[in-house]
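Visitor: Show me how the following folds:
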Amino acid sequence: MSQAHDAASGVTHSHKKHYLRIGAILTVVTAIELALPLLKNYPQIWEPARPLWAPALIILSIAKFGAVVGEFMHLRGDRKIYYFLFISPLMLATTVFVLLSLLSVVMFRPFGAGYAVTAEARLAGYVEPSTGPAFEQPLDDAKFAAAFDGAKGKQFADGKKVFGEKCQACHGAQGGGIANLGLNLTDDCYKYGGSFKELYLTIGKGQAGGKMPAWAGQLKGEEIRQVMYYIKSLKGTNVAGGQPCVGDKVP
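Guide: Here you go, the predicted structure:
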């Protein structure tokens, strides 16, 4: 009787140690899952292994789930048919989840590219703009000029994209203006001022009683700056068919 009791106690103690080990492993895995996204703040680590992070999180989640089900729900010691009936739908659901995740990254580029852009920007020493629509105070002239040169190096691609989405409908695809809608942005005339600061304020706060809308409610501060740089680059191009000069000529 005593030997049987001692054996049972030994088995129970062994089970406790086994569950404690499993619990410790699950804690470590959960900590890793929570910590991985924070690596975006360290682009020198994040960037080189960027393609591995999503698969790593999926693998860790599957392993953790399998440990919980197999050990704490005792599926590992059950009849094989139950194991098969449980694992088969799990593998199917995992496959569907992975495929849909890949599809979302391909089809919705802003979502898929968001993390990469943040890491690359920080790697280059860039301080990211506000994360929501907001109007930020203008930069001083020296910073505006330096940023304009940076945008020029990228051929004003970011600002041109915003212009096509928000400004083209009124100012035309080439910025020549549309009668009764938007002014010509390619001549040397500016109705509301042509300095960096004046253009920035016009785009952000709007003009003409709302005819020129205030984009601060829809665009981030950096987007307003980029489209302003692109508009500044159009000065003096004088596209064919542009609207007449309105306002003061700016040298």
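
Visitor: could you pull out the helices for the stretch 151-251 of the chain?
Guide: Listed in chain order, the helices of the stretch 151-251 of the chain (DSSP state H, counting those that start in this stretch) span 157-162, 168-171, 196-205, 221-234.

Visitor: Would you tell me which one of those is buried the most?
Guide: Highest mean neighbour count of the helices of the stretch 151-251 of the chain: helix 221-234, a mean of 23 (counted as mean count of other C-beta atoms under 10 Å). C-betas here are computed from N, CA, C, even on glycine.

Visitor: which residues sit against stretch 30-39?
Guide: The contact list for stretch 30-39 (C-beta atoms under 8 Å, 6 or more residues apart in numbering) reads Ile45, Trp46, Trp53, Ala56, Leu57, Leu60, Ser61, Lys64.

Visitor: again, only this time at 7 Å
Guide: Residues from elsewhere that reach stretch 30-39, judged by C-beta atoms under 7 Å, 6 or more residues apart in numbering: Ile45, Trp46, Trp53, Ala56, Leu57, Leu60.

Visitor: coming back round to it: will you turn the helices of the stretch 151-251 of the chain into a markdown table that also has distance to Ala31 and mean pLDDT?
Guide: Output for these, formatted as a markdown table (distance: least, C-beta to C-beta, whole Å; pLDDT from 0 to 100):
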| stretch | distance to Ala31 | mean pLDDT |
| --- | --- | --- |
| helix 157-162 | 37 | 93 |
| helix 168-171 | 49 | 92 |
| helix 196-205 | 43 | 90 |
| helix 221-234 | 34 | 92 |
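
Visitor: circling back to that earlier point, tell me the one among the contacts of stretch 30-39 nearest to Ala24.
Guide: Checking the contacts of stretch 30-39 against Ala24 with C-beta to C-beta, the nearest one is Leu60 at 15.0 Å.
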